[in-house]
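*Asks:* 3D, please:
(chains A and B)
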2 protein chains.
Amino acid sequence: MINKSLKFRKEAQPSDLEAVRKIAESTGFFYPDEVDVAVELVEERLQKGDASDYYFVFAEIENKVVAYTCFGPIPVTKGSFDLYWIITHNDFRGLGIGKKLLTETYIDAKKLGARAIYAETSGREKYEPTRQFYLKTNYTVDAVQKDFYDVGDDKYVFKYALTGEN
Amino acid sequence: MINKSLKFRKEAQPSDLEAVRKIAESTGFFYPDEVDVAVELVEERLQKGDASDYYFVFAEIENKVVAYTCFGPIPVTKGSFDLYWIITHNDFRGLGIGKKLLTETYIDAKKLGARAIYAETSGREKYEPTRQFYLKTNYTVDAVQKDFYDVGDDKYVFKYALTGEN
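*Replies:* Numbering: from 1, shown residues only, chains lettered A, B, ... in the order given. Modelled structure (predicted):
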């Protein structure tokens, strides 16, 4: 049922500012200043268009944004992209939307010249579902940096190679 | 003889814009746009003062800047600092200036709350002296990310822990 009504949109629109804020807040995962950063990236995309290095895919159900990704090229690299954000609204978690969103994201990233996409997350227990999500969607652990974010808060870098058949 | 006349300065001044450009160019290591970035960070420091997150230590011999570091806190971390740049003018390499510059840099980084300082560099053969420099100055390899910069161009992340006695 979710599958039937799930639509993807690649162009940001002004209403996404509020949608992204609500989605980020719904998770209870992010600090207020992190939520602000998420919204600011949408704002940059709206202002600069394709001159912005932040790209988006929005997943909609009945015209309501329920999840999104934000991604773009990593400066100084050739073909390495960062998956800056992937968030599903708390009310729509566990339905496989994130995985479908990634597939859509890869299509666009490859068009933009991506060889690989990287996602960074914390080693804290709170982020165990996030790490499991990346492993289940066939990411590999590319690096673990102990105490990077803080003492006892390691950085995990996940990598997904965008080969021809993805 | 170098030791006697080597002086360190922590405050940037307008003449550093040109000094940094010349030092970066002297190495033959950087692309023109990389040199521009090095200069822009000095510019930001001059404009914003301590509101800038880019800090500097300049090494001078007879009032001429011969080497410098640029460093600062890594966003979203508590106490992790990035050593963005460490460059010695080509005419002054091999004299141990880089190592002394690091010692001065650590003093300031610790005052700013640094627990550890990170330096990223390429795995290409050209950067072998750079990697050797970090190993000789007691950095450890914290991560190696294969093909990160490009196919065949790995990313090395070096780490130096700023414990009490450094």
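*Asks:* drop to CA atoms for contacts and neighbour counts, all remaining ones
*Replies:* Noted.
*Asks:* now the most centrally placed residue in chain A: which helix or strand?
*Replies:* Geometric centre of chain A, nearest residue: residue A:86, 2.4 Å, by Cα atoms, centre = their mean. Element membership for residue A:86 (DSSP states H and E) is strand A:80-88.
*Asks:* how about the secondary structure of the residue nearest to residue A:82 when sequence neighbours are not counted?
*Replies:* In this structure, residue A:82 finds its nearest non-sequential neighbour in residue A:118, 4.8 Å apart by Cα to Cα, 6 or more residues apart in numbering or on different chains. The local conformation at residue A:118, judged by DSSP: H, G, I helix; E, B strand; the rest coil, is strand.
*Asks:* hang on, residue A:118 packs against residue A:157?
*Replies:* Yes - Residue A:118 is in contact with residue A:157 according to Cα atoms under 8 Å; the separation is 6.7 Å.
*Asks:* helices of chain A, residue ranges please.
*Replies:* Under the criterion DSSP state H, helices of chain A are mapped to A:2-5, A:15-26, A:32-48, A:97-111, A:128-136.
*Asks:* to residue B:37, which of those lies closest?
*Replies:* The closest approach between residue B:37 and any of those, judged by Cα to Cα, belongs to helix A:32-48 at 21.3 Å.
*Asks:* quick check: residue A:23 vs residue B:64, distance?
*Replies:* In this structure, residue A:23 lies at 54 Å from residue B:64, with Cα to Cα, to the nearest Å as the measure.
*Asks:* check residue A:25 too.
*Replies:* Per Cα to Cα, residue A:25 is found 52 Å from residue B:64.
*Asks:* more neighbours: those two, which one.
*Replies:* residue A:25 (17 against 13; other Cα atoms under 10 Å in any protein chain shown).
*Asks:* okay, that one: pLDDT?
*Replies:* If you check residue A:25, the pLDDT there is 97.
*Asks:* what's the burial count for the residue nearest to residue A:82?
*Replies:* Residues near residue A:118, counting by other Cα under 10 Å, number 23.
*Asks:* please list the residues of chain A that sit near chain B.
*Replies:* Applying Cα under 8 Å from any Cα of the partner chain, one finds that chain A approaches chain B through A:76-80, A:142-145, A:148-150.
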